[in-house]
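Novice: generate coordinates for the sequence data below:
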Amino acid sequence: MSGDTTIEETAGGDRHGRRALILVENLSVPFDRRVWQECTTLRDAGWTVHVICPQGEKRDTEPEAEIEGIRIHRYPLRAATGGPAGYLREYGSALWHTARLARKVGPVHVVHACNPPDLLFLAARWLKRRGARFVFDQHDLVPELYLSRFDRGEDLLYRAVCALERRTYRAADIVLATNESYRDVAVRRGGRRPEDVFVVRSAPQVERFQPVAPEPELKQGKPHLLCYLGVMGPQDGVDYALRALAKMRDELGRTDWHAVFIGSGDAFDAMVELSRQLGLAEQVQFTGRIPDADLVRYLSTADVCLSPDPRNPLNDVSTMNKVLEYMAMGRPVVSFDLKEARVSAGDAAVYAADDDEAAFAGLVVRLLDDPEQRARMGKIGQERVNGPLSWRNSQASLLAAYAAACQDRTAVKAGGRLRTGKRRRT
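Specialist: Take a look at the predicted model:
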């Protein structure tokens, strides 16, 4: 596609005319469930949707794919190792590939960038110059992520990620926030007008999380099954969960449980080793990533689900997908007392204060001994996920955000580009 191609000419070959390009760096698509839900929502609203993302290792491996009408362009990416320098290499490669593939896709009406990292606005600039509106989908607060993950304090790299976040906010026409805490940051720290920030909550695909009959054999001969589902990174608290389980055994005398940890991440090997050091290898099972059908089997059998994310600058204001998925399956949750955990789960969870592993262990035991409370909490969770936290509400907010992004567009063909009728100051 030549640099002089106009968006009108490009749109003429698409069934609906309106074209959106979604940029993702940290997960492949459709494995990234939030992004996939956004893609299908936009498709159903009449948009032609393209996605640029990395290739997966075991799934989403094809460089090009069209799935359910979504056109996906993937690039090879080696995940970061070796600390911040590894992330610089990863992000530099991702940015180059994203810019290359964006030129291949050509002009679009909306370019929609999902962080982390807060670098994708650079790849979006070429499209903005051709008239695209820029939607920033803030999945993570990267400055808080940096502080929580690396424990380096507010050093030079911290100041750099803050500067990149500011640049992204300024470049965006519309910001999508995953919860009200993130929205407050966009307004307060990002200087965005409240009317330009839309809360689009992540929500589980309820059709994916349908309980099946429990399978007692998954409990490995024990009366109870505990379950953790999610990423295993340094900030995700799997180590807190393992130490809490050791306290259940050593301080509370409870060995009537088997625990399964589902998922992967760059702390996976360290967590397996920690379980050995704590003498938990016989009672704790690490599955890695597993197919959806197996995931549903474990969650349907679990008596209590664990959300051990400790309080830190990121976790306190972030919505944990695993909590919503536990709730969709009707499972009671034990969590540390985080602001957004309470917003999401409400009475579907019990909360241990101050990252107290002994208190966390005590709450797990309390729920194991009270099946009626577990059932009540599970019902509350399902009602919340199917009600105020449902994807239906997020769909409406997403489409409203796109309407706001495009409302001042007047398609004026000039110099091979699409110009907008007025330009907002950001």
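Novice: flag the shaky bits of the stretch 301-426 of the chain, pLDDT-wise.
Specialist: Applying pLDDT under 70 to the stretch 301-426 of the chain picks out residues 408-426.
Novice: again, only using 90
Specialist: Scanning the stretch 301-426 of the chain for pLDDT under 90 picks out 407-426.
Novice: quick one: residues contacting the spatially most central residue of the chain.
Specialist: Closest to where the C-alpha atoms of the chain average out (C-alpha atoms, centre = their mean) is His139, at 5.9 Å. Contacts here follow C-beta atoms under 8 Å, 6 or more residues apart in numbering; on that basis His139 touches 26, 34, 114-116, 178. C-beta: built from backbone N, CA, C; applies to glycine.
Novice: ok, Asn393 next?
Specialist: By C-beta under 8 Å, 6+ apart, the neighbours of Asn393 are 201, 203.
Novice: and Arg59, by the same measure?
Specialist: By C-beta under 8 Å, 6+ apart, the contact list for Arg59 reads 28, 31.
Novice: sec struct for it, please.
Specialist: coil (DSSP: H, G, I helix; E, B strand; the rest coil).
Novice: quick one, phi psi at it?
Specialist: Backbone torsions of Arg59, given as degrees, to the nearest 10, read phi -140, psi 170.
Novice: try the one 5 residues further on
Specialist: Phi and psi for Glu64, reported as degrees, to the nearest 10, are phi -130, psi 140.
Novice: show the average pLDDT along stretch 58-75.
Specialist: In this model, stretch 58-75 carries a mean pLDDT of 96.
Novice: quick one: contacts for the residue nearest to Asp140 when sequence neighbours are not counted?
Specialist: Closest residue in space to Asp140, ignoring its immediate chain neighbours: Pro116 at 5.1 Å, by C-beta to C-beta, 6 or more residues apart in numbering. For Pro116, the contacting residues are 25-26, 139-140, 142, 145, by C-beta under 8 Å, 6+ apart.
Novice: likewise Leu295?
Specialist: Neighbouring residues of Leu295 by C-beta under 8 Å, 6+ apart: 229, 262.
Novice: what helix or strand does it sit in?
Specialist: helix 292-301 (DSSP states H and E).
Novice: give the buried residues for that helix.
Specialist: By 16 or more other C-beta atoms under 10 Å, the buried positions in helix 292-301 come out as 295-301.
Novice: so can I have TSV of those showing distance to Glu273?
Specialist: Listed next are those as TSV, based on distance: C-beta to C-beta, whole Å:
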residue	distance to Glu273
Leu295	24
Val296	29
Arg297	27
Tyr298	23
Leu299	26
Ser300	30
Thr301	27
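Novice: out of those residues, who's nearest Glu340?
Specialist: Leu299 (21.5 Å; C-beta to C-beta).
Novice: burial count for the nearest residue to the closest one once chain neighbours are set aside?
Specialist: Excluding the flanking residues, the one nearest Leu299 by C-beta to C-beta, 6+ apart is Met329, at 4.3 Å. By the criterion of other C-beta atoms under 10 Å, Met329 has 26 neighbours.
Novice: oh, and call the first residue 59 from now on, that's how I've got it
Specialist: With 59 as the first residue, the last one maps to Met387.
Novice: quick check: the gap between Met387 and Val255.
Specialist: Remark: distance between Met387 and Val255 (C-beta to C-beta, to the nearest Å) = 31 Å.
Novice: with Arg136 instead?
Specialist: Note on Arg136: its distance to Val255, by C-beta to C-beta, is 34 Å.
Novice: likewise Arg183?
Specialist: Taken as C-beta to C-beta, the span from Arg183 to Val255 is 21 Å.
Novice: tell me which of the two has more neighbours.
Specialist: Val255 (24 against 15).
Novice: tell me the mean pLDDT over the longest helix along the chain?
Specialist: If you go by DSSP state H, the chain has its longest helix at helix 142-163. Mean pLDDT, helix 142-163: 89.
Novice: which strands and helices sit next to that helix?
Specialist: strand 77-81, strand 106-112, strand 128-133, helix 178-187 (3 or more C-beta pairs under 8 Å, 6 or more residues apart in numbering; DSSP states H and E).
Novice: in JSON lines: these, plus distance to Pro292.
Specialist: Shown next, in JSON lines, are the helices and strands packed on helix 142-163 (distance: least, C-beta to C-beta, whole Å):
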{"stretch": "strand 77-81", "distance to Pro292": "26"}
{"stretch": "strand 106-112", "distance to Pro292": "21"}
{"stretch": "strand 128-133", "distance to Pro292": "26"}
{"stretch": "helix 178-187", "distance to Pro292": "24"}
